[in-house]
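>>> fold the following for me, if possible:
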Amino acid sequence: MNSAFSTAAEQGGKIQTFVVGGGCFWCTEAVFERVPGVKSVVSGYSGGDVPNPTYEQVCTGETGYAEVSKLEFDPAVVSADKLLEVFFEAHDPTTLNRQGMDEGTQYRSVIFYADEAQHEAAIRAKKTAQKNYADPIVTQIEPLKKKFYPAENYLQDYFKNYPNANYCQSVICPKLSKLERRGVISSEK
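Prediction:
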């Protein structure tokens, strides 16, 4: 089996990759860094057409890119299904192109799948998550056909590097606390 969702033993211990966008990548990054089995989280951009986009370009909302997080995870420790469960609980997937005060297509809810197994898992997860929301989930599920571009270095590990920044204190900390209380993520990684 050569699926992105097979066990690490079936993959020869191979780490798997997933790309998701759920609003500001600083929030998504901080959440997934607290999921056991996630080996790395890289903030970046995907879904657009401009080569080598910059943060300033993506912030205009005119490039087609979404702020995303590229997750590398060990499927022997955490399943893709669990990652998708966390994804749907970590943001409001019912608001189109908006999370909190962040508004624009660059903040859209999106899952970029790499193969058919990821596509099927994303569809299942969206259907399961819908049971928790009165409004329809607007999360886009798209093939990862376009390149993932890592965000600039100063934007990586934002919560780790600037935990006292206003955005971190007013947006990320409350989100992490809520998810920790609900048992969705670990309080430490």
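>>> where's the one residue sitting closest to the centre of the chain, which helix or strand?
Residue closest to the average C-alpha location in the chain (Cα atoms, centre = their mean): V20, at 3.4 Å. Assessed by DSSP states H and E, V20 sits inside strand 16-22.
>>> R124 and D81 touch, don't they?
Yes - assessed by Cβ atoms under 8 Å, R124 is found in contact with D81 at 7.5 Å. From N, CA and C alone the C-beta is placed, and that goes for glycine too.
>>> buried residues in the longest helix belonging to the chain?
Looking across the chain with DSSP state H, the single longest helix is helix 116-130. By 16 or more other Cβ atoms under 10 Å, the buried positions in helix 116-130 come out as 117-119, 121-122, 125-126, 129-130.
>>> re the thing from before, tell me which strands and helices the strand holding V20 is in contact with?
For strand 16-22, the packing partners by 3 or more Cβ pairs under 8 Å, 6 or more residues apart in numbering; DSSP states H and E come out as helix 25-32, strand 66-73, helix 80-90, strand 109-113.
>>> what's the closest of the ones you listed to K146?
The minimum distance between K146 and the helices and strands packed on strand 16-22 falls on strand 109-113, with 8.4 Å, by Cβ to Cβ.
>>> and the gap between E29 and K14?
Note on E29: its distance to K14, by Cβ to Cβ, to the nearest Å, is 23 Å.
>>> could you do T94 as well?
Distance, T94 to K14, by Cβ to Cβ: 34 Å.
>>> wait, what's in contact with T105?
61, 64, 66, 97 (Cβ atoms under 8 Å, 6 or more residues apart in numbering).
>>> ok, it to Y65 distance?
8 Å.
>>> now do W26
16 Å.
>>> and C173, how far from T95?
For C173 relative to T95 (Cβ to Cβ), the value is 21 Å.
>>> the nearest residue to Q99 once chain neighbours are set aside: neighbouring residues, count only.
Closest residue to Q99 apart from its sequence neighbours, by Cβ to Cβ, 6 or more residues apart in numbering: G23 at 2.8 Å. Counted with other Cβ atoms under 10 Å, the neighbours of G23 add up to 27.
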